[in-house]
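**Student:** Provide a 3D model corresponding to the input given below.
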Amino acid sequence: MKRVMFVCKKNSARSQMAEGFAKTLGKGKIEVISSGLEASIIRPEAIATMKEIGIDITDQHSKPLSDFQAQDFDVVISLCGCGVNLPPQWVTQEVFEDWQLDDPAEQPEIFPRVRDEIKERVTQLIESVNKEIIPVQ
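**Tutor:** Purely as a prediction, here's the structure:
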């Protein structure tokens, strides 16, 4: 099972929503956690926006990236364009993507749009990491 790390600046909104989607949509398919370049608190708007679609992230908490080792993850996803700030070992994993999503903390009215973008990308990610390679006969 692939291990996925979602990382953002403060692990307070985008990465938390991604973790919530991945835990729900990827249950039994991937293992997932999120972190930030620094730890913070989960924004109430992120919790409320996810709750609107039936996903409860109130039990999640913000974690610093420094609590983890890059080699423990197969997939690393940066959600905020912070890939350039990540230590090199994080961007050289089997899969590294930098999604560069807008920061809803700066504009709370965009939380639903960013949430929906994250759901679409997480869905695609789960599909791509779980594709079985079938040999041509």
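**Student:** what ranges do the strands span in the chain?
**Tutor:** 2-8, 30-36, 75-78, 95-98 (DSSP state E).
**Student:** Now render the ones you listed as JSON lines, adding distance to residue 85 and mean pLDDT.
**Tutor:** Heads up, the C-betas are built off the backbone N, CA and C, glycines and all. Shown next, in JSON lines, are the strands of the chain (distance: least, Cβ to Cβ, whole Å; pLDDT from 0 to 100):
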{"stretch": "strand 2-8", "distance to residue 85": "10", "mean pLDDT": "95"}
{"stretch": "strand 30-36", "distance to residue 85": "11", "mean pLDDT": "96"}
{"stretch": "strand 75-78", "distance to residue 85": "9", "mean pLDDT": "95"}
{"stretch": "strand 95-98", "distance to residue 85": "11", "mean pLDDT": "91"}
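**Student:** Mind putting the ones you listed into CSV with distance to residue 14 and mean neighbour count?
**Tutor:** CSV is the format used below for these (distance: least, Cβ to Cβ, whole Å; neighbours: other Cβ atoms under 10 Å):
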stretch, distance to residue 14, mean neighbour count
strand 2-8, 5, 24
strand 30-36, 9, 22
strand 75-78, 10, 24
strand 95-98, 12, 16
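**Student:** Out of those strands, the one nearest residue 22 is which?
**Tutor:** Evaluated over these, closeness to residue 22 peaks at strand 30-36, with 4.0 Å, by Cβ to Cβ.
**Student:** I'd like to know which elements that closest one is packed against.
**Tutor:** strand 2-8, helix 14-25 (3 or more Cβ pairs under 8 Å, 6 or more residues apart in numbering; DSSP states H and E).
**Student:** Need the single longest helix in the chain, by residues.
**Tutor:** Under DSSP state H, the helix in the chain containing the largest number of residues is helix 111-129.
**Student:** Need the contact partners of that helix.
**Tutor:** Contact with helix 111-129 is made by 2, 4, 13-14, 17-18, 21-22, 25-26, 29-30, 45-46, 48-50, 52-53, 74-75, 77, 79, 95, 97, 99, 101-102, 104, as judged by Cβ atoms under 8 Å, 6 or more residues apart in numbering.
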